[in-house]
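1. Sequence and predicted structure below; questions after.
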Amino acid sequence: MSNTPVPVEKSSSITLRFMAAPTDVLHAGAHGVSGGRVLEWIDKAAYACATQWSGTYCVTAYVGHIHFTRPIPSGHIVEVRSRIAMTGRSSMHIVNEVLSADPRHGKFTRACDCLVIFVAKDTETGKPMAVPTFVPTTEEERRVADAALSRIDLRKAIEEEMSGQTYTDDSTAPRLIHRFLAKPTDVNWGGNVHGGTAMEWIDEAGAACTMEWSGERTVAVYAGGIRFYHPIHIGDLIEVEARLTRTDTRSLHTSIHVRSGDPRGGRGALTEAIHASVTYLGIDIDGEALPARPFTPATDEDQRLWEHTQRLKDLRAQYEPEPLVEPMPAAQRID
């Protein structure tokens, strides 16, 4: 009998299904699961999809353009559907949809969708590793690949705009800083902090900052331009800084930085690990949006970051990327 391994056809998609738990809700009185927890679910499903396709350990490189269109109640059955849209030499662009249903009737409706980019890594050298090329074979796969391609220029423009900004203490903007050590329970299968866990930290800091400013409960309604620069290790000192950059009629826009490093070196040893933009809304007891408490920029830096936030909004409107997923039939939407 031959001992030659039999080639297994790689799957380009995966679906995770589980129940949303009370512990997935960020604070008492919330109408649904926190945006950070949803981002964590997306990252884990996309990681499973990426490692399944590449056959090796993968790291999150970018998460973009996530609109949280409705809350996911505790007790709902959740489905996170992830599929390869396109591949580069070592990268995998993965489309993710999050749906949920009341288990009493089982009717799934979409809560959000987004694109996540993972990079395959050689487990011995830690360097990027080539992945199998994904070749679309159906009309739907070709449409999704085109949609992913349509976002490349937008992503580059957003990264350039975000990287050109500096953040100092010359500001009157509301801000909040969390500091703590990365715990062993935060580890992923490669020995580093899971990207989804870090995104939950981001949402917690942003929510706390906007709630302190507004005096109301707030929820994340949009996250974009989440760029991962280097891995975070267990035992690292973590600093998550959330700063309010702009308010509109109802929206509170934040810029959130995650820094990490050896705690023995103090703050001076911390380097930028992740940068994200997250938008929040204040909500009343019934979950209805409230007017935002206005923030008036006072320093040159405040004004620059206010205008920077507007440019990010303008870029998204200018590029108008193709939708990643087909709109749900009207009968299946929850407006």
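-> That came in fine, so what should we check first? Residues are numbered from 1 along each chain as shown.
2. In the stretch 101-250 of the chain, mark out all the helices, start to finish.
-> Taking DSSP state H, counting those that start in this stretch as the criterion, the stretch 101-250 of the chain contains helices spanning 139-149, 152-163, 195-214.
3. what's the closest of these to Cys112?
-> Closest approach to Cys112 among the helices of the stretch 101-250 of the chain (Cβ to Cβ): helix 195-214, 12.9 Å. Every residue, glycine included, has its C-beta placed from N, CA and C.
4. what's that closest one packed up against?
-> helix 35-54, strand 58-64, strand 175-181, strand 217-228, strand 237-247, strand 251-261, strand 271-283 (3 or more Cβ pairs under 8 Å, 6 or more residues apart in numbering; DSSP states H and E).
5. for this structure, which spans come out with low pLDDT?
-> Within the chain, the segments meeting pLDDT under 70 span 1-9, 28-29, 327-335.
6. Would you indicate which residues of stretch 209-229 are buried?
-> Applying a neighbour-count criterion of 16 or more other Cβ atoms under 10 Å, one finds 209-211, 213-214, 216-228 buried in stretch 209-229.
7. One more: stretch 109-127?
-> 109-121.
8. Next, format those as CSV and append distance to Ala198.
-> Listed next are the buried residues of stretch 109-127 as CSV, based on distance: Cβ to Cβ, whole Å:
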residue, distance to Ala198
Thr109, 28
Arg110, 25
Ala111, 21
Cys112, 18
Asp113, 21
Cys114, 16
Leu115, 18
Val116, 13
Ile117, 15
Phe118, 14
Val119, 16
Ala120, 19
Lys121, 17
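9. Report the two of these separated the most.
-> Maximum pairwise distance among these (Cβ to Cβ): 35.8 Å, between Thr109 and Lys121.
10. domains of this structure?
-> As assigned by automatic domain parsing, the chain contains the domains 10-141, 167-321.
11. okay if I get those as CSV plus distance to Lys156?
-> Shown next, in CSV, are the domains of the chain (distance: least, Cβ to Cβ, whole Å):
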stretch, distance to Lys156
domain 10-141, 11
domain 167-321, 10
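12. Quick one: closest of the ones you listed to Ala148.
-> domain 10-141 (3.9 Å).
13. Okay, now that closest one: how far is its last residue from its first?
-> Start and end residues of domain 10-141 are separated by 16 Å (Cα to Cα, to the nearest Å).
14. so how far is Met86 from the nearest residue to Thr123 once chain neighbours are set aside?
-> Excluding its sequence neighbours, the residue lying closest to Thr123 (Cβ to Cβ, 6 or more residues apart in numbering) is Tyr57, at 5.3 Å. Tyr57 sits 21 Å away from Met86, going by Cβ to Cβ, to the nearest Å.
15. Quick check: Pro184 touching Asp236?
-> No - the pair Pro184 / Asp236 is not scored as a contact, 11.9 Å apart, by Cβ atoms under 8 Å.
16. and these two? which has more neighbours close in?
-> Between Pro184 and Asp236, counted using other Cβ atoms under 10 Å, the more crowded position is Asp236 (22 against 7).
17. Skip the chain neighbours and tell me the closest residue to that one.
-> Leaving out its chain neighbours, the residue that sits closest to Asp236 by Cβ to Cβ, 6+ apart is Ser260, at 4.3 Å.
18. show me the contacts for that neighbour.
-> Residues near Ser260 by Cβ atoms under 8 Å, 6 or more residues apart in numbering: Ala182, Ile232, His233, Asp236, Leu237, Ile238, Glu239, Leu270, Thr271, Ala273.
19. Among the residues you listed, pick out the one closest to Ser171, please.
-> Nearest to Ser171 among those, counting by Cβ to Cβ, is Glu239 at 16.7 Å.
20. quick one: contacts for the closest one?
-> By Cβ under 8 Å, 6+ apart, Glu239 lies in contact with Ile177, His178, Arg179, His257, Val258, Arg259, Ser260, Arg267, Leu270.
21. Buried deepest among the helices of the stretch 101-250 of the chain, which one?
-> helix 195-214 (a mean of 24; mean count of other Cβ atoms under 10 Å).
22. and that one with strand 237-247, angle?
-> Comparing the axes of helix 195-214 and strand 237-247 via axes from the mean of the first three to the mean of the last three Cα atoms, to 10 degrees yields an angle of 50 degrees.
23. next one: helix 195-214 to chain centre, how far?
-> Relative to the centre of its chain, helix 195-214 is centred 12 Å away, using Cα atoms, centre = their mean, to the nearest Å.
24. between it and strand 251-261, how many degrees?
-> 130 degrees.
25. Enumerate every residue touching His105.
-> By Cβ under 8 Å, 6+ apart, the contact list for His105 is empty.
26. Can you get me the start-to-end distance on stretch 18-30?
-> In stretch 18-30, first residue to last residue: 20 Å (Cα to Cα).
27. Would you mark the buried spots in that stretch?
-> Neighbour-count burial for stretch 18-30 flags Ala20, Asp24, Val25, Leu26, Ala30 (criterion: 16+ other Cβ under 10 Å).
28. got the phi/psi numbers for the nearest residue to the third one once chain neighbours are set aside?
-> So the one you mean is Val25. Spatial nearest neighbour of Val25, excluding adjacent residues (Cβ to Cβ, 6+ apart): Ser74 at 5.5 Å. Torsion angles at Ser74 (phi, psi; degrees, to the nearest 10) stand at phi -60, psi 140.
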